[in-house]
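In: Have a look at this prediction, sequence included:
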Amino acid sequence: MLIRYKRNYEKIAMGLLSFVPTEKDLKKLQQTMKEYEQNEHWQLYLWKQEEDIIGIVGISMIDKSLIEVQHVSVNPSHRQQGIGKKND
């Protein structure tokens, strides 16, 4: 199930985003999180499976009918299961 990011998921979100090669640096990761929290055009979603959050996707809204995927990450222990491709 896809859920919208909330501040109480910050550590989980940062952990998942840290798997993205461009987000390895802590300062860069903190800037990215700030962008998702403060920019109304950037939205972060978490993939929850049972009680575990195992994936994340970040988007930016270009306009009302177009979005751009900024980040996609899945916990390494859940990779190769099609999590990043799910649409339900």
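Out: Looks like it came in fine.
In: what's Glu50 sitting at in phi/psi?
Out: phi 60, psi -120 (degrees, to the nearest 10).
In: quick one: it from Glu68, how far?
Out: Using CB to CB, to the nearest Å, Glu50 is found at 30 Å from Glu68. Yep, even glycine has a C-beta here, placed from its N, CA and C like the rest.
In: Compare the two (neighbour count), which wins?
Out: Neighbour count, other CB atoms under 10 Å: between Glu50 and Glu68, Glu68 has more, with 11 against 6.
In: Correct me if wrong: Leu17 contacts Gln30.
Out: No: in this structure, Leu17 is not within contact of Gln30 by CB atoms under 8 Å, at 10.2 Å.
In: Among the two, which residue is more densely surrounded?
Out: Neighbours were counted for Leu17 and for Gln30 using other CB under 10 Å; Leu17 has more, 23 against 12.
In: Could you check how far that one is from Tyr5?
Out: Going from Leu17 to Tyr5 by CB to CB gives 11 Å.
In: Are there helices or strands packed against the longest helix along the chain, and which ones?
Out: Secondary structure of the chain read by DSSP state H shows that its longest helix is helix 26-38. Contacting helix 26-38 under the criterion 3 or more CB pairs under 8 Å, 6 or more residues apart in numbering; DSSP states H and E are the following elements: helix 10-17, strand 42-49.
In: All set, thanks.
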